[in-house]
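Colleague: I'll drop the sequence and a predicted model, then ask my questions.
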Amino acid sequence: VSIPTITFLSDYGLKDDFVGVCHAVILSICQAARVIDLTHGIPRQDIRAGALSLSGALPYTPVGVHLAVVDPGVGAHRRAIALKSADQRILVGPDNGLLSLAAASCGGVVEAVEISDSRFRLEPVAATFHGRDVFAPVAAHLARGTPLADVGRPCDPSTLVGLSLPAARVEPDGVTAHALYIDTFGNVALDASHDQLVRSGLKLGAPVEIEAPGGERHPGVYARTFADVPAAALLVYQDSYRRLAVAVSHGDAAARLGVGIDDELRIRPK
Amino acid sequence: VSIPTITFLSDYGLKDDFVGVCHAVILSICQAARVIDLTHGIPRQDIRAGALSLSGALPYTPVGVHLAVVDPGVGAHRRAIALKSADQRILVGPDNGLLSLAAASCGGVVEAVEISDSRFRLEPVAATFHGRDVFAPVAAHLARGTPLADVGRPCDPSTLVGLSLPAARVEPDGVTAHALYIDTFGNVALDASHDQLVRSGLKLGAPVEIEAPGGERHPGVYARTFADVPAAALLVYQDSYRRLAVAVSHGDAAARLGVGIDDELRIRPK
Amino acid sequence: VSIPTITFLSDYGLKDDFVGVCHAVILSICQAARVIDLTHGIPRQDIRAGALSLSGALPYTPVGVHLAVVDPGVGAHRRAIALKSADQRILVGPDNGLLSLAAASCGGVVEAVEISDSRFRLEPVAATFHGRDVFAPVAAHLARGTPLADVGRPCDPSTLVGLSLPAARVEPDGVTAHALYIDTFGNVALDASHDQLVRSGLKLGAPVEIEAPGGERHPGVYARTFADVPAAALLVYQDSYRRLAVAVSHGDAAARLGVGIDDELRIRPK
């Protein structure tokens, strides 16, 4: 017998009891469910960071229900949705782009419902905590096997809110990329791929020059991993989600380069 | 078949292995148990914050065993207790008021036992870690179905330690309330209810004046949710536990108003 | 039927999704597994802190698979290993000393395999995330019952990397000990035992003098627990893992004494 699985990602943090109460709601409804906390450390209200984390993690998770809540518009007019992807995953969360990258990488949306008024929500719905009162109970009923069509009103997948991401450009002398995400250690994930870097003339193991947003140029290496460069050296590498990233071995690349989210970096052979 | 459920709340934090070791002890004794971590982020030794979180969360949890440890008196003379509430929940923790609000909101205590010398404790009991050596093993045996009377010595429920909370007052020109709890985001939960605010002449959607502990007066709105006010605006709202609270949209109300726990705030129509 | 148990300890923290993705990988392979997070708050790359925490926690955990990842050499030449202890626990992690203290306290290693090229690893293996691509999938297959010999190549237990720890000395006028580990609260765990302290003439309840690394001498008490001394007082006590430790009641002993990891403290009767 298969154990129903719910993955759960949010920006709730673990200091308050928000995450714990959502677990309690889920297990009150679907006693057999197994909840996998992907992370609750998404920077507060950062929809894009949540969307990137969810889409990166999903291929490693069992097919099941995937609950995600990063919801700056809670209590306002954004829709609450549940959707089915082409590969039979069910995603539940606010319709603000959070689910869009994951849905796309799972083959696109084949069915969607609006769940703000779901008959499975907990009444009275608190205006500030739809995680507990709307998303968690609907996810739990879906994990029990309730069909998607029974948890809300049908809605047209083409009307779901998307997310616009910057796009790296291959240029004659290198790649112009953007900071997509900066992790706890100051490693900067870029929107460029290994292919783009190769097309711009860069080779694994070769020296590179990285132009920071402020214009200063920093020497680095296109390396396989941290262990391939000395401590404090700057490297460009393919991260564990196969995106290019910039890091400082035993250091903080975002601080060293003065990079914030969406800032441009130019990477050139040297 | 029902899965035995243990909820777990503490001030242990997640940096050290205290929480993990308690999980290990529980599952060594009651292999089938499911442990729901409500939160381990209660401010260190803050019994009242723990009691408020536990009593707020419990209605959302399956009926089961409810373990809570915020225990400044560990190793001293406070009793360790397990008790049954009128609605058949079993609460386990130190007798310092931590369980009192939850027990009251579950219909009161119908049976209590002192577990400091429980035959199920792990020997030798470390003077500084009763979570591992007393509370977790007793909770696990209770989850296995051991009767309450078998885990300790009977004690009189009327002798259990309570908690005194401040009380908001409705006054001719508004409500005088107190800061009960301040969350990660600086939102300030008050001891006043929606009813008290209404009786003082305040209406949802209307402007209010909030007098801070220092005497300064701040304009705000009695709103349904954050999304109803502009960024940086001050609002009074009913939080997800139906308590009144003060917040700043995208900001930190506790810092803005200079409020600490138990401080008085006066809220008036304007 | 026994539920396969995997304990999991790392320095990944909970801000990113590293831990959640490892859980997902494990449960994708071994659906029935129960994962107990011992802690993910080991200070980054601190192999010794991880080794001490693992060896302290293991006696409280069900016998099963024990996954640990503190891995500064990921992507370099350190081996990845799985080993069986004399008491039938299976430990999985990098061969950098992290598993050594736990293995020793479990009766020593009776069988070991090198798993870097395990047929159960996830391809392509990311150079920076062996937790996800090597350790978690191998641990999950072991939890399913796959024999140790089938997950890697045999390796000689005597070649496994160990860990050198400082050693306290009993001297005519007291004990010279070292700071092994400093917890969240600033409590300093030492490499001295209760026996060593007793042999140096110290008695429970008696005053002591603690000489800090800088040479200043601080008065304290050899106490059973925090509750036995006034707030702000310095105490030496036996911690919950039966190591001696130095603490300040309601305070931070590491800061008060200016102690860092491995620093020497001299404790004398007074």
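Modeller: Perfect, I can see it now.
Colleague: When you work out contacts or count neighbours from here on, use the C-alpha atoms and nothing else.
Modeller: Fine.
Colleague: Could you name the specific helix or strand carrying A:Leu54?
Modeller: According to DSSP states H and E, A:Leu54 maps onto helix A:47-57.
Colleague: hmm, I was thinking of A:Val246
Modeller: Counting by DSSP H and E, A:Val246 is found in strand A:244-248.
Colleague: Would you tell me whether the strand or helix carrying A:Ile36 gets close to chain B?
Modeller: Using DSSP H and E, A:Ile36 maps to strand A:34-39. No - judged by C-alpha under 8 Å from any C-alpha of the partner chain, strand A:34-39 and chain B are separated, with a smallest distance of 9.7 Å.
Colleague: now swap in stretch A:78-97 and tell me
Modeller: No - applying C-alpha under 8 Å from any C-alpha, one finds stretch A:78-97 out of contact with chain B, separated by at least 10.7 Å.
Colleague: Okay, buried residues for that stretch please.
Modeller: Of all the residues in stretch A:78-97, those buried under the rule 16 or more other C-alpha atoms under 10 Å in any protein chain shown are A:79-86, A:89-97.
Colleague: Which of those residues fall within strands?
Modeller: Of these, the ones assigned to strands by DSSP state E are A:80-85, A:90-94.
Colleague: picking that back up, list the contacts of the strand holding A:Ile36.
Modeller: With contact meaning C-alpha atoms under 8 Å, 6 or more residues apart in numbering or on different chains, strand A:34-39 is reached by A:3-10, A:23, A:57, C:14-21, C:23-24.
Colleague: Okay, the spatially closest residue to A:Ile42 that is not a sequence neighbour and chain B: tell me how far apart.
Modeller: Spatial nearest neighbour of A:Ile42, chain neighbours left out: A:Asp11 (4.5 Å); criterion: C-alpha to C-alpha, 6 or more residues apart in numbering or on different chains. In this view, A:Asp11 and chain B are 12 Å apart by C-alpha to the nearest C-alpha, to the nearest Å.
Colleague: go on, A:Asp95?
Modeller: Distance, A:Asp95 to chain B, by C-alpha to the nearest C-alpha: 16 Å.
Colleague: Next: A:His194.
Modeller: 36 Å.
Colleague: residues near the closest residue to that residue other than its chain neighbours, how many?
Modeller: Closest residue to A:His194 apart from its sequence neighbours, by C-alpha to C-alpha, 6+ apart: A:Leu244 at 6.3 Å. By other C-alpha atoms under 10 Å in any protein chain shown, the residues close to A:Leu244 number 22.
Colleague: A:Arg224 is in contact with A:Leu244, correct?
Modeller: No - assessed by C-alpha atoms under 8 Å, A:Leu244 is found out of contact with A:Arg224, at 10.6 Å.
Colleague: so what sits against both of the two?
Modeller: Here A:Leu244 and A:Arg224 have A:237-238 as joint contacts, going by C-alpha under 8 Å, 6+ apart.
Colleague: OK, contacts around the residue in the stretch 101-250 of chain A that chain B sits nearest to?
Modeller: Nearest residue of the stretch 101-250 of chain A to chain B: A:Ala126, at 5.1 Å (C-alpha to the nearest C-alpha). When contacts are counted by C-alpha under 8 Å, 6+ apart, A:Ala126 touches A:133, B:239-240.
Colleague: now, which of these sits nearest chain C?
Modeller: Nearest to chain C among the contacts of A:Ala126: A:Asp133, at 23.7 Å, using C-alpha to the nearest C-alpha.
Colleague: That closest one and A:Glu123 touch, don't they?
Modeller: Yes - at 7.2 Å, A:Asp133 counts as touching A:Glu123 under the criterion of C-alpha under 8 Å.
Colleague: Which residue ranges of chain A form helices?
Modeller: Assigned by DSSP state H, the helices in chain A fall at A:18-29, A:47-57, A:100-105, A:130, A:136-143, A:194-199, A:253-257.
Colleague: With distance to chain C as extra columns, can I get the ones in strands among the buried residues of stretch A:78-97 in CSV?
Modeller: Converted to CSV, these look like this (distance: C-alpha to the nearest C-alpha, whole Å):
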residue, distance to chain C
A:Ala80, 24
A:Ile81, 23
A:Ala82, 21
A:Leu83, 21
A:Lys84, 20
A:Ser85, 19
A:Ile90, 16
A:Leu91, 16
A:Val92, 18
A:Gly93, 18
A:Pro94, 20
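Colleague: okay, those residues in CSV with pLDDT next?
Modeller: Below are these laid out as CSV (pLDDT from 0 to 100):
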residue, pLDDT
A:Ala80, 97
A:Ile81, 98
A:Ala82, 98
A:Leu83, 98
A:Lys84, 98
A:Ser85, 98
A:Ile90, 98
A:Leu91, 98
A:Val92, 98
A:Gly93, 98
A:Pro94, 98
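Colleague: with the residues you listed in mind, which one is nearest to C:Leu163?
Modeller: A:Leu91 (45.8 Å; C-alpha to C-alpha).
Colleague: Within range of chain C, give me the residues from the stretch 1-150 of chain A.
Modeller: A:2-3, A:36-42, A:53, A:57, A:60-62.
Colleague: Name the weakest-confidence residue in the residues you listed, if you would.
Modeller: Least confident of these in the model: A:Ser2, at 85.
Colleague: what sits against A:Cys155?
Modeller: When contacts are counted by C-alpha under 8 Å, 6+ apart, A:Cys155 is found next to A:111-114.
Colleague: Ignore what I typed, I meant A:Arg89.
Modeller: The contact partners of A:Arg89, by C-alpha under 8 Å, 6+ apart, come to A:63-66, A:106.
Colleague: Tell me the spacing between it and C:Ala32.
Modeller: A:Arg89 is 20 Å from C:Ala32, where distance means C-alpha to C-alpha, to the nearest Å.
Colleague: With A:Asp252 instead?
Modeller: A:Asp252 is 39 Å from C:Ala32, by C-alpha to C-alpha.
Colleague: and chain A, which of its residues are near chain B?
Modeller: Residues of chain A lying close to chain B by C-alpha under 8 Å from any C-alpha are A:14-21, A:23-25, A:27-28, A:31-32, A:73-76, A:126-129.
Colleague: ok, of the residues you listed, which come out buried?
Modeller: Buried members of the residues of chain A next to chain B, scored by 16+ other C-alpha under 10 Å, are A:14-21, A:23-25, A:27-28, A:31-32, A:73-75, A:126-129.
Colleague: Tabulate the contacts of A:Ala126 (TSV), appending pLDDT, neighbour count and distance to B:Ala206.
Modeller: Formatted as TSV, these follow (pLDDT from 0 to 100; neighbours: other C-alpha atoms under 10 Å in any protein chain shown; distance: C-alpha to C-alpha, whole Å):
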residue	pLDDT	neighbour count	distance to B:Ala206
A:Asp133	97	22	26
B:Asp239	89	21	17
B:Ser240	88	18	20
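Colleague: give me the beta-bridge partners of the residue lying closest to A:Pro207 once chain neighbours are set aside?
Modeller: Take A:Pro207 and drop its neighbours on the chain: the residue closest to it by C-alpha to C-alpha, 6+ apart is A:Val221, 4.3 Å away. Per DSSP bridges, the residues bridged to A:Val221 are A:Pro207, A:Leu235.
Colleague: if I read this right, A:Val221 contacts A:Val208, doesn't it?
Modeller: Yes - using C-alpha under 8 Å as the test, A:Val221 is close enough to A:Val208 to be in contact (5.3 Å).
Colleague: returning to what we had before: just the CA coordinates for the helix holding A:Leu54, please, in CSV.
Modeller: The C-alpha coordinates for helix A:47-57 follow below in CSV (Å, rounded to 0.1, in the frame of the first residue of the first chain):
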residue,chain,number,x,y,z
ILE,A,47,7.8,34.2,-4.1
ARG,A,48,10.6,33.7,-6.6
ALA,A,49,12.9,32.1,-4.1
GLY,A,50,10.1,29.8,-3.1
ALA,A,51,9.3,28.9,-6.7
LEU,A,52,12.9,28.2,-7.5
SER,A,53,13.4,26.0,-4.5
LEU,A,54,10.1,24.1,-5.2
SER,A,55,10.9,23.4,-8.8
GLY,A,56,14.5,22.3,-8.0
ALA,A,57,13.4,20.0,-5.2
